[in-house]
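[1] What shape does this take:
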Amino acid sequence: MTEPASFAVDPSDLPKLRAVLSKLADAGYTESSVRERLGLEDLTDLQWRSLPMYRSERLASRDPLALAIDLFLLQGTLPTNELDRLFTPSERDVLFRTGLLAINKDTNDATNLARVRASLFPVGDRLIFSDHAWPELPHPGYATVPRDHVMAIGSDSRRLARCTTRRPFRAALDLCTGSGIHALLASHHASQVLAVDINPRAARCTRFNALASGTTNLEVVLADLYDPVRGQRFDLITANPPFVPSPLDALRFRDGGRTGEDIQKRIVAGLPHHLAPDGIAQMVTELGERDGEPLVHRLREWLGGAPMDIYLLRLGEHTAAQYASAHAKGDNYQAVLDSTAEWATNLREQGYQRIVSLVISFQWSDASCCGPWERVDQSPSPHRAAAAEIDSAFLAERLTRRPDWERVLKPSRLRRAGPIALFDARVLGGDVRAVAKATLMGQALTIEHQIDPVEREMLGRFDGDASIPVSDIVAMFRDLAVDEPTVLAAARSLLRRGLLRSDGQKCMYR
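    Residues are numbered from 1 along each chain as shown. Coordinates of the predicted model:
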């Protein structure tokens, strides 16, 4: 029998398909349960080389959750007697008709084995179909990955999902939508969502996910970036574009030209024409970094002078050598060496010393408050929602950059924003000097801030959740011969970095 095309669905099959997804969720197939079952801190820690250990150590008890994980996430095969414990015959039939399930004969015996032709990724309590994360595994796999392969729900997808602002929005636009993960997530807090992709298979996958989840406020368009939305503006724009600086043009979802910038440059350049006045645009990407050239300079150039505030969140980096080695492919040792050299040569030609993983957020500047600004923070990738912290960073910048910040700050009361981890050290060398760093605990983003002696002393003056008038803080430092402007500047700096907050902070943002 010919296998149906994957991500194909007849309207009459939708109730049964939705029942299958509900059944998997009831079995515990959610992000938190799957992570715990596999013994992972985060699903992004999943390693395909460890599949035998996952199966023998974590999935040995073949309950429905173990079967679902093995089949839909680890790309395993199930004998039909195990498949029958997971799905009824009618449920199995609908998975076959939608192109998601295949039954093959084992070549060594007469056993029928079930496999899936697309993975089902748990994202929070939602389930999203996409192509496999490891398409080159011996099973089910391909000799080569098709160019129209739809990107799996991996670390980049989860980074953007966790950093995206989740306020109510009128209209959202998701570019390079792939499986539709970000459009689907936006559909829960935006009235209307438009998902755009140039890859027909990706558009079909997104439509399939929308139908399977019962989402009715999401439209999918097969098009090139902003082409279908000329003259329209959106409150939320998200993008997970092809960004890999590749010497090849092998994977449409991955390769962004030899610089890696072919697509993302066009996305940033279009923001001034499509981002609503009070909106936010957020993009997950990688950028090649050259010594002596701040990445924000490139973004400013792409924006064409548009007055936008830019928040760069650095989530990791790789040297050019590491990056080339990670992307090299080959069937034998010499082929891998040649591939590594090809990737390394391209990165060297671009002048890239390292490749930086980023989530970049853009908002229109408040002209009445301050001019366009940029902020750069560094943190490990978040394992939970970090949108509130990104929103707070924008608010803190606007508060502390307003021309009358001293007038607003002086009558206020300050308190610690929460528990703070302090690290004090002495750097020994020609000059012995003290170094202090502070991290606000309990946050999704673990940002380490270097603080000066006055800031360190100020943080130490706060006890628990008690607030202190700024005038009293100024008086405390008189005994240390620290003048008022220096104390206010330290308070401003700590407010900006979220280590302190003002009792009247919401009013101060107005």
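
[2] next one: phi and psi at the closest residue to residue 133 other than its chain neighbours?
    Leaving aside its sequence neighbours, residue 133 sits nearest to residue 152 (C-beta to C-beta, 6 or more residues apart in numbering; 3.8 Å). (Each C-beta comes from the backbone N, C-alpha and C, glycine too.) Reported as degrees, to the nearest 10, the phi and psi values for residue 152 are phi -70, psi 170.

[3] What is the neighbour count of residue 152?
    Using other C-beta atoms under 10 Å, residue 152 is surrounded by 21 other residues.

[4] do the same with residue 191
    12.

[5] Which helix or which strand is home to it?
    Secondary structure assigned from DSSP states H and E places residue 191 in strand 190-197.

[6] so what does the longest strand anywhere in the chain touch, helix or strand wise?
    Longest strand in the chain, counting residues (DSSP state E): strand 275-289. Judged by 3 or more C-beta pairs under 8 Å, 6 or more residues apart in numbering; DSSP states H and E, the packing partners of strand 275-289 are helix 155-163, strand 169-175, strand 234-239, helix 262-274, helix 295-303, strand 354-364.

[7] Restricting to C-alpha, output it in CSV.
    Extracted C-alpha coordinates of strand 275-289, given in CSV (Å, rounded to 0.1, in the frame of the first residue of the first chain):
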residue,chain,number,x,y,z
LEU,A,275,5.9,46.6,13.7
ALA,A,276,3.1,48.5,15.4
PRO,A,277,4.0,51.5,17.6
ASP,A,278,3.6,49.7,20.9
GLY,A,279,4.6,46.3,19.5
ILE,A,280,7.6,44.0,20.0
ALA,A,281,9.5,41.9,17.6
GLN,A,282,11.6,38.9,18.8
MET,A,283,14.0,36.7,16.8
VAL,A,284,16.1,33.7,17.8
THR,A,285,19.3,33.5,15.7
GLU,A,286,23.0,33.0,15.5
LEU,A,287,25.3,35.8,14.4
GLY,A,288,28.9,35.6,13.4
GLU,A,289,31.0,37.9,15.6
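
[8] Partner strands of it, with direction?
    strand 234-239 (parallel), strand 354-364 (antiparallel) (DSSP bridges).

[9] and residue 248, which of the three is it?
    coil (DSSP: H, G, I helix; E, B strand; the rest coil).

[10] Tell me which residues of the top helix by length along the chain come out buried.
    For the chain, the longest helix by residue count, based on DSSP state H, is helix 333-350. Residues 339-340, 342-344, 346-347, 350 are the ones in helix 333-350 that count as buried (16 or more other C-beta atoms under 10 Å).

[11] What lies in contact with it?
    Helix 333-350 has contacts (C-beta atoms under 8 Å, 6 or more residues apart in numbering) with 245-247, 258-259, 288, 320-321, 323-325, 327-330, 355.

[12] Of those - the most surrounded one?
    Within the contacts of helix 333-350, residue 245 tops the neighbour count with 26 neighbours, counted by other C-beta under 10 Å.

[13] residues touching that one, list them.
    Contacts of residue 245 (C-beta under 8 Å, 6+ apart): 256-261, 286, 288, 346-347, 350, 352, 355.

[14] again, but for residue 330
    Listed by C-beta under 8 Å, 6+ apart, the contact set of residue 330 reads 336-339.

[15] and those residues as JSON lines, adding pLDDT?
    Listed next are the contacts of residue 330 as JSON lines, based on pLDDT from 0 to 100:
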{"residue": "336", "pLDDT": "93"}
{"residue": "337", "pLDDT": "95"}
{"residue": "338", "pLDDT": "94"}
{"residue": "339", "pLDDT": "94"}
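
[16] Tabulate the residues you listed (TSV), appending distance to residue 499.
    Compiled in TSV, the contacts of residue 330 are given as follows (distance: C-beta to C-beta, whole Å):
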residue	distance to residue 499
336	47
337	48
338	50
339	46
